[in-house]
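K.L.:
Fold the stuff below for me.
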Amino acid sequence: TAPHHTSMAWQTQPSAPLLSSHLGKTPQTRSLRTLRAAAPSLRADDPGDYTARVPAEVKGRHADHDDVVQFTAPIYYVEEGEGYMHVDIMRIGRLDKTCHVSYATKDGSAAAGEKYFESSGQITFSPGEYMKTVDIEIVDDDQWSPTTEFMVVLSDGENCSLGNYLYQCRVKIID
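P.N.:
This next block holds a predicted model:
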């Protein structure tokens, strides 16, 4: 039999596939105990409350009735010559109200004005809307430089909560 690798959180035992390859059969589900055994980072005594790991500035943002607005990925990649980076922001929930969220870029190893143009604004989701895109202009210069990055941060949600982890994302500029 194949060895069981504990470094992969979703590794399955050879005798218990995660999904059936036959139509009409119900996929097998994995218990929390099985996931904890496969993912050493989850302790057996962990009750599953991960709010302690959420940064202090994010805690308390969620209300049971709110939609959640967040980026679709933690990291985006763009080549310098592409001109713009398209960052997707999604909304999850009931989608029955209008909600607003602010966004702003934040320097990392890439500086605004040198590698990208600073951008900020407010996004409005109308009832039923679940996806928006923010375009950030990338500076295309003739000098080679190593991969640099900046961040885009969501804030000030109105009629929505911000995702616990995906309220910010990184954009890597490949030269």
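
K.L.:
pull the CA atoms of stretch 72-88 into CSV?
P.N.:
The C-alpha coordinates for stretch 72-88 follow below in CSV (Å, rounded to 0.1, in the frame of the first residue of the first chain):
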residue,chain,number,x,y,z
THR,A,72,-11.0,35.8,-4.1
ALA,A,73,-7.4,34.9,-3.5
PRO,A,74,-4.7,35.7,-1.0
ILE,A,75,-2.0,36.4,-3.7
TYR,A,76,-2.3,37.7,-7.2
TYR,A,77,0.5,37.7,-9.9
VAL,A,78,0.9,40.3,-12.6
GLU,A,79,3.7,40.7,-15.2
GLU,A,80,5.0,44.3,-15.3
GLY,A,81,4.2,44.7,-19.0
GLU,A,82,0.5,43.8,-18.6
GLY,A,83,-0.4,47.3,-17.6
TYR,A,84,-3.1,46.5,-15.0
MET,A,85,-3.8,44.0,-12.3
HIS,A,86,-7.4,42.9,-12.0
VAL,A,87,-8.1,42.1,-8.4
ASP,A,88,-11.5,40.3,-7.8
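
K.L.:
And that stretch, what's buried?
P.N.:
76, 78, 80, 85, 87 (16 or more other C-beta atoms under 10 Å). C-beta coordinates here come from the backbone N, C-alpha and C atoms, glycine included.

K.L.:
tell me which residues in stretch 151-159 are buried?
P.N.:
152, 154, 157, 159.

K.L.:
Pull the most distant pair out of these.
P.N.:
Within the buried residues of stretch 151-159, 152 and 159 form the most distant pair, 20.9 Å apart (C-beta to C-beta).

K.L.:
SS state for residue 81?
P.N.:
helix (DSSP: H, G, I helix; E, B strand; the rest coil).

K.L.:
I'd say it and residue 140 touch.
P.N.:
Yes: counting by C-beta atoms under 8 Å, residue 81 touches residue 140, with 5.4 Å between them.

K.L.:
ok, back up a step: just give me the closest of the buried residues of stretch 72-88 to residue 145.
P.N.:
Nearest to residue 145, judged by C-beta to C-beta, of the buried residues of stretch 72-88 is residue 80 at 8.5 Å.

K.L.:
In this structure the closest one contacts residue 140, no?
P.N.:
Yes: between residue 80 and residue 140 a contact is recorded at 5.3 Å, counting by C-beta under 8 Å.
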